[in-house]
Each structure stands twice: as structure tokens, then as C-alpha cells.
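Undergrad: What would the 3D arrangement of this be:
(2 chains)
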Amino acid sequence: MEKNMSDGMKLDVRLPIGAMFTLVGAIVTVYGMFSDPALYERSLGININFWWGLVMFAFGAFMLIMAWRGAKKH
Amino acid sequence: MHGIQLGHIDYVLLFIYFAFVLGIGFALKRYTKTSTDFFLSGRSIPAWITGLAFISANLGAQEVIGMGASGAKYGIMTSHFYWVGAIPAMVFVGVFMMPFYYGSKARSVPEYLKLRFDEKTRAFNAMTFAVMTVFSSGISMHVLAKLLEQILGFNYHLCIVVSALIVLVYIFLGGLTSAIYNEVLQFFLIVLGFLPLVFLGLKSVGGWDGLKDKLNVVATSNGFEPGTWTQSWAHMGSSSANPMGVEWFGMMMGLGFVLSFGYWCTDFLVVQRAMAANSMSAARRTPLIAAFPKMLFPALVILPGMIAIALHQNDGTFLPTDAAGKVDYNMAVPAMLAKFLPPGLLGIGITALMASFMSGMAGNVTAFNTVWTYDLYQSYIKPGQSDKHYLHMGHIITVVGILLSIACAYAARSFNNIMDMLQLVFGFVNAPLFATFLLGMFWKRATGHGAFFGLLAGTLAAALHNGLTLPVGAAVGIKGGWLCGGHVLHTYPVEMAQNFWAAIYAWTACFVVTIVVSLVTARNKNDNELTGLVYSLTPRIKEHGLVWYKQPAVLGIIVLAAAIALNIIFW
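TA: Residues are numbered from 1 along each chain as shown, chains lettered A, B, ... in the order given. Below is the predicted model of the structure:
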């Protein structure tokens, strides 16, 4: 393995990315659950906030797990 | 198109993004202690991060708004800017050129020119590059502010100040690392922000097949054969058969070779990202890793434009038109955002748009402060100072660079012509560059005088070409013809064809003059001095111990094969 970012030297970029997308994903998902269904006429009747919020949340969580595994390895 | 109304939720998402961007800057502050940390990220970043930053730094105003606009105007032929105009050059810089950039320990592209050729070649490149980056960053800022004013009703001045301040703060605190980390964040934001738009857009027109049918109507109503908007090569036999107005040879040579290699292989803005990598193999993999998402970007940035024009064809009001009935293609992507995204995801989409502009700006500012400090200040103004002194200068010049960018943004707002003219002049300067690097890296006999006069000749050739030709219907002046009072030697069907051919002439002039002058002048660097800078004098890199998927040559072949496959699928 070559030098890794978890050298302890620098901030692992996956942390802020993971944190931001879990937060943003959670907000959009919850907003999708409680917002007026009429909003979704635009998005062809699909509650795109709910579903895409989940996708963003999952992506954020994945990044956080990778960052956590990287930190543990060191 | 009507304006977009943002809800509370959208502002919340926008502010969360701003908070994270600034937070990254603050978190990196304590790691930024030397000028190497500030300008080169201490050469410590893994390849996947520098790779994503490599494309993200290039993902400025042009890409998201401009490629969407081209998608609407020219259809899928716009993908040539990716599959022909980017991928081969990215493979070339990774596999063949990076060993010299990274291996020479040069801290910038102009510094490589100094090591390889001489002081005057470096000075010429450093100065033109510095001016160019400031203007590009200013133009990026101006386009963003104008767009937000137009679609959201934001205050122009406020947009300029806010975007400038944010970029300033995070670069000031964390230097290049901060810019690179934010570019990676922006990359994911753009992908995740635009994917739902593409999905909903495609669904509404009945998928790819439905889009094809609708675009056939667009093609025939513009006087072209059906399929012109959805086939990238089939209509390139002659320049009159496609809306772009270029034929395959001019496109392959002008865009695919000269312009594309000139940008991806020599522009310090992108090369700087690879130079920040933590090892030679990581530096070489940087552009190759970048090539994978780059190849798929047409789906993200061109497709929305194609869908927009299909929808516009249906109702005639989807995109704004001026009094003469001319469509405002630049509104293609904003119109799509407004049409399909509800509050919530709309905030993400708008944030992604702003992120793309800011990453383009930040890329220019970090390249500018490095070239200024190392290539101009340390070399000609105050050599021999302490590292602390140059770090301090880096901070100062970052502020100055942002202030100059703001000035350029306002200049762009008030004098449209000045900006057009500057871009034209930069085009002249840039076009021949790749010939200089190609000869520098692969022909040890090339001399400093050869390189310098070759560059001058190339620049002059581009200017002459512009002065003697004109696109159809254009007025004499900035578009060309100014050397002959309108009695032009050649008339091009469109401006783009003129640009491609200007690049071809500039490159050829530079190539030939560099060789001729090199042959009649004495070598100014001996074999010893050129070790690590020229192919034939540099020991081959042995990549043993690297698994196959980390080997640059293997990755390069996979990337090229995939790009060829895409060209065939959408032929």
C-alpha cells in the first residue's frame, strides 16, 4: 500500500463529505415525507425529495464508514 | 422561462454547503505551515482525491452552463469535447508527461520550462498564465453573478462579494489542499445534484428513444437530416451537414489534438492537482482516474441541454427567446432545474451550480498564487528569502488575486468587447504551447531559443490567421478580418471552425520554428542537466509491485477503449 491519507497528517476528506451528505440527505428525506404532495407534480408525481434524499444519505454514510475504516487501520 | 423561486428549505441547504466549505478551510489551517503545504499540498494527497480535483477544477462556468447550451444548440456532437477533446489528452499527460512534471520536482509548469529551456521561456509562460487565470476567475465570478441575478433575482454585487469571500477564506486558510478538498466535495455535489434532473428529464420525454424522436423533429426543422442531434459522428462528413459547422478533420486536429492536448497537458491549473499527489504513480494516475467520470459527464451536462431543446421544440416557450426569435441557449440548464426539481432538490441543484463556479474560480486562484510566488516573485523580484516569507507572500497574493478577479468581473460586466478581445489574445498564446512541451520532453536537441521563438511564432500565426479569415456573416473586427479590411483569404462556416483551424496553424508554426531555430542554435543544456526532463535521458520508471489496476499504462488502455466504445455506441 502506498502512503495513505490517514497518515495522521491531514484531515480525511471523506469526513466532511460524509457528514455533509448524511445531513443534507436526512433533511431532504424528512422534507419529502412532510411536504405537500402537490409539489411533486413537477417531478412527474415522484416524491423525488424522499427517494433522492435517501440516496444522498446512503452515500454520506458510505463515506463516513470509509473514513472510519481508514482511521482504524492506522 | 420564468424566474425560479427558492423556498426556505433551499436556503437552508445552500447555507449548509457554505458552512462545510468554510469548515474545511478552518480544519486545514493547522496543517498549512510551509509554502510547500500552501502551494503544493506538501505532495501528500492520494490519487483518487487529486483525480477528482483534476476534473472538478476544470468544471467551471463553461462546463455546466456552456455544455448544456451546446447540447441544446448542437446535440450530442458536443460530446466531442469529451470523448475526443479531453480523454486522449488526459491519457497522454498521465502516461507520458507526468513523469517529467512530477519527477523533475518542478513546482509549476513554468518552472518546468525554466529547467528544460531557459529563463525567458519561463517568464513568457508565467506572465501570460498569471494574467489569464485572473481573468478566467473574474469571468467565472461575473457569469455566476449574472446568472443568479437573472434566474433568482439575487443582487449582482452581493453575489460577487459572497462568492469571492468564500473562495478567499478557504484558500487563504488551507491553500491548495483546501481548494482540492473542496473540489472533491463539489464534484460529488454536482453529480448528486444533477443526476435526478437527468433522470426526470429523460423520463418526461419517454427515455432515450423518446428523446431521439423529438430531436429528429428539432433537426429537420433546422434544415438538417433527422438524427443530427443524436449521432455524434454520422453527420461530420462536411461542415454544412451539422449544426456545429465543422468537418471531422478540423475537429480531430483542431479540437482533438491541438486545443485539447494544449489544455490538459500544459495548463498548470489542472497539472497542479496531479503535482500535489503523494507519489509518482499517484501523480500519473491522477488524470487517468479523472478520465472515468469525465467520460460520463456528457450524460450529466449535455443531456439536460438536449432534453431542454426537445421540450422547447414542443411548446416554443420552454427556453427564453429574444425579439428576433433567437433562443437563449444558456438558459437550458436553469430552465431544466426550474421545470423538474421541487423545493429541496432544487436547492441542491442551485447549490451544485454555484459549487461548479466556485471550484472553477478557486482552481484559477490557486494556480495564480503559485505561479506568482514561485515563478515571478521568487525568481525576479525577491529571491533568497525564507520559506516563511514566501508563505506570507502566498497569503497576500491570494487576497490580491481575488481583488483583481473582482475587478475583472466588473470589467466583464461593463465592457463585453474587452473580455472577448482578451480571450482571443489568450487563445493566440495558448494554441502553440503543446508543440513546445512535446519537443521539450521528447527531443533533447530542442534549445531555449528554439522554444521561445517557436512560441512567439505560434502566437503570431494564430493572430495572423485571425486577421485574415472570418466566419460567415461576422463583422470585421474581433471575429477576424482586421488585417485585410474584410477582403479575407478564407471564410469559415462558423466561428468554431475558425478557432480549430487557428489552433492548427499556431501549433504547426510553433513546431516548425522551434525545430529550425533549435537546429541553428547551440544547446544551452547538456545531457546531465536534462536528466529527468527529457524522455531519452530519463531512466524508465519501473512500476513493479503495483497491482494491475494501479498501473498507468493499463489504466490508460482501459480509458481509451472505453472512450472508443462510447464513440461507436453514439456514432
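
Undergrad: mind checking which helix or strand of chain B has the lowest mean pLDDT?
TA: When each helix and strand of chain B is scored by mean pLDDT, DSSP states H and E, helix B:61 comes last, with a mean of 67.

Undergrad: Show me what from the stretch 201-350 of chain B comes close to chain A.
TA: Within the stretch 201-350 of chain B, the positions adjacent to chain A are B:203-204, B:278-279, B:281-282, B:339-345, B:348 by CB under 8 Å from any CB of the partner chain. (Glycine included, C-beta is placed from N, CA and C.)

Undergrad: closest to residue B:483 among those?
TA: Using CB to CB, the shortest approach to residue B:483 within those belongs to residue B:339, at 46.5 Å.

Undergrad: surely the closest one meets residue A:42?
TA: Yes: under the criterion of CB atoms under 8 Å, residue B:339 makes contact with residue A:42 at 6.9 Å.

Undergrad: which one is the most centrally placed residue in chain A nearest to, not counting chain neighbours?
TA: When CA atoms, centre = their mean is applied to chain A, the residue found nearest the centroid is residue A:60 (2.3 Å). The shortest distance from residue A:60 to any non-neighbouring residue, by CB to CB, 6 or more residues apart in numbering or on different chains, is to residue A:21 (3.0 Å).

Undergrad: host element of that neighbour?
TA: Secondary structure assignment for residue A:21, by DSSP states H and E: helix A:14-34.

Undergrad: What average pLDDT does stretch B:166-181 get?
TA: Stretch B:166-181 carries an average pLDDT of 94.

Undergrad: can you give me the strands for the stretch 201-350 of chain B?
TA: Listed in chain order, the stretch 201-350 of chain B contains no strands at all (DSSP state E, counting those that start in this stretch).

Undergrad: What residues sit buried inside the next helix or strand along the chain from the helix holding residue A:21?
TA: Note on helix A:14-34: by DSSP H and E, the next helix or strand toward the C-terminus is helix A:48-73. For helix A:48-73, burial by neighbour count (16 or more other CB atoms under 10 Å in any protein chain shown) applies to A:48-53, A:55-57, A:59-60, A:63-64, A:67.

Undergrad: Chain B: which of the residues you listed is nearest?
TA: residue A:49 (4.0 Å; CB to the nearest CB).

Undergrad: what about that closest one, distance to residue B:452?
TA: Counting by CB to CB, to the nearest Å, the separation of residue A:49 from residue B:452 is 58 Å.

Undergrad: just residue A:45 next, same as before
TA: The span separating residue A:45 from residue B:452 equals 64 Å under the rule CB to CB.

Undergrad: Would you mind listing what in chain B touches chain A?
TA: Along chain B, the residues adjacent to chain A under the rule CB under 8 Å from any CB are B:9, B:12-13, B:16-17, B:20, B:23-24, B:27-28, B:31, B:42, B:44-46, B:49, B:177, B:181, B:184-185, B:188, B:192, B:195-196, B:200, B:203-204, B:278-279, B:281-282, B:339-345, B:348.

Undergrad: So which of those are in helices?
TA: B:9, B:12-13, B:16-17, B:20, B:23-24, B:27-28, B:49, B:177, B:181, B:184-185, B:188, B:192, B:195-196, B:200, B:203-204, B:281-282, B:339-340, B:345, B:348 (DSSP state H).

Undergrad: Can you say which of those residues are buried?
TA: Looking at those with 16+ other CB under 10 Å, the buried ones turn out to be B:9, B:12-13, B:16-17, B:20, B:24, B:27-28, B:49, B:177, B:181, B:184-185, B:188, B:192, B:196, B:200, B:204, B:281-282, B:339-340, B:345, B:348.

Undergrad: With neighbour numbers in mind, choose between residue A:45 and residue B:452.
TA: Using other CB atoms under 10 Å in any protein chain shown as the criterion, residue A:45 and residue B:452 rank with residue B:452 on top: 24 against 9.

Undergrad: Using the three-state scheme, assign the more buried one.
TA: helix (DSSP: H, G, I helix; E, B strand; the rest coil).

Undergrad: quick one: it and residue B:122 touch, right?
TA: No: applying CB under 8 Å, one finds residue B:452 not in contact with residue B:122, separated by 9.6 Å.

Undergrad: State the number of residues packed around the residue nearest to residue A:60.
TA: By other CB under 10 Å, the burial measure for residue A:21, its neighbour count, is 25.

Undergrad: For it, give its distance to residue B:178.
TA: 19 Å.

Undergrad: just residue B:12 next, same as before
TA: Plainly put, residue B:12 is 24 Å away from residue B:178 if you go by CB to CB.

Undergrad: Over to residue A:55?
TA: Using CB to CB, one obtains 27 Å as the distance from residue A:55 to residue B:178.

Undergrad: again with residue B:542
TA: Residue B:542 is 35 Å from residue B:178, where distance means CB to CB.

Undergrad: These two - which one has more neighbours?
TA: For residue B:542 against residue B:178, the residue with the higher neighbour count under other CB under 10 Å is residue B:178, and the figures read 30 against 7.

Undergrad: Wait, the residue nearest to the centre of chain A touches residue A:28, no?
TA: No: at 11.3 Å, residue A:60 and residue A:28 do not qualify as touching, with contact defined as CB under 8 Å.

Undergrad: So what does the residue of the stretch 351-500 of chain B found nearest chain A look like in phi/psi?
TA: Among the residues of the stretch 351-500 of chain B, residue B:351 lies closest to chain A, at 8.8 Å counting by CB to the nearest CB. The main-chain torsion angles of residue B:351 are listed as degrees, to the nearest 10 and equal phi -60, psi -40.
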